[in-house]
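Asks: Just need the structure, nothing else, for what follows:
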Amino acid sequence: EVQLVESGGGLVQAGGSLRLSCAASGLPFDDYAIAWFRQAPGKEREGLSCISSSSTNIYYAGAVKGRFTASRDTAKNTVYLRMDNLSPEDTAVYHCAAGSCESEMYDYWGQGTQVTVSS
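Replies: Residues are numbered from 1 along each chain as shown. The predicted model follows:
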C-alpha cells in the first residue's frame with residue numbers, strides 16, 4: 001500500500017518558520033517527483049513546489065519563491081518543505097503528492113497537515 005504521510009504542521013506566529021515532512025512508503029521513491037500543494041478554506045488548491053526524482057529540478061510557485069525550500073532525503077524516503085517568513089495568508093492544509101513535475105500529474109496524495117499562521 002502506498003502511503004504519503006505529512007507532518008510538521010502547527011500554529012506559528014507571523015514571521016516564523018516551519019518544516020513540513022512528507023514520508024513515503026510502498027512506492028519506488030526514487031522514481032517519483034514530489035510536489036507540495038495547499039488548500040485554504042473557500043479557496044482552490046494551489047501548487048507550491050515540485051522536486052524532481054533526482055532533485056535536479058525544483059520548481060516553486062511565485063507566491064512562495066524565496067520563502068519556501070524543498071529538499072529530499074532518499075535514505076529516509078522523505079521530502080521536506082522548509083517555510084520561512086510565514087504570514088497569515090499561508091494558513092492552509094498542506095498536502096504532498098507523488099508523480100511528475102513536468103506533466104503535473106500525481107498518482108498518490110497524502111492526507112495533509114494543517115498550518116495556521118497567527119498575526
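Asks: Mind telling me which residue is nearest the centre of the protein?
Replies: Geometric centre of the chain, nearest residue: Trp36, 2.9 Å, by C-alpha atoms, centre = their mean.
Asks: Which elements pack onto the helix or strand hosting it?
Replies: Using DSSP states H and E, Trp36 sits within strand 33-39. Packing partners of strand 33-39 (3 or more C-beta pairs under 8 Å, 6 or more residues apart in numbering; DSSP states H and E): strand 18-25, strand 46-51, strand 68-73, strand 78-83, strand 92-100. In short, each C-beta sits where N, CA and C put it, glycine included.
Asks: can I get those strands in TSV with distance to Ala40?
Replies: Output for the helices and strands packed on strand 33-39, formatted as TSV (distance: least, C-beta to C-beta, whole Å):
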stretch	distance to Ala40
strand 18-25	15
strand 46-51	8
strand 68-73	15
strand 78-83	14
strand 92-100	4
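Asks: right, so of those, which gets closest to Val5?
Replies: Nearest of the helices and strands packed on strand 33-39 to Val5, taken as C-beta to C-beta: strand 18-25 at 4.8 Å.
Asks: what separates the closest one from the chain centre, distance-wise?
Replies: 8 Å (C-alpha atoms, centre = their mean, to the nearest Å).
Asks: Would you mind pulling the contact partners of that strand?
Replies: 2-10, 12, 32, 34, 36, 76-83, 86, 94, 96, 98, 110, 113, 115 (C-beta atoms under 8 Å, 6 or more residues apart in numbering).
Asks: Give me the buried positions along it.
Replies: The neighbour-count check on strand 18-25 (16 or more other C-beta atoms under 10 Å) flags 18, 20-24 as buried.
Asks: returning to that earlier point: look up the closest residue to the residue nearest to the centre of the chain, ignoring the ones flanking it.
Replies: Leu48 (4.4 Å; C-beta to C-beta, 6 or more residues apart in numbering).
Asks: tell me, how many neighbours does the one you found end up with?
Replies: Leu48: 24 surrounding residues under other C-beta atoms under 10 Å.
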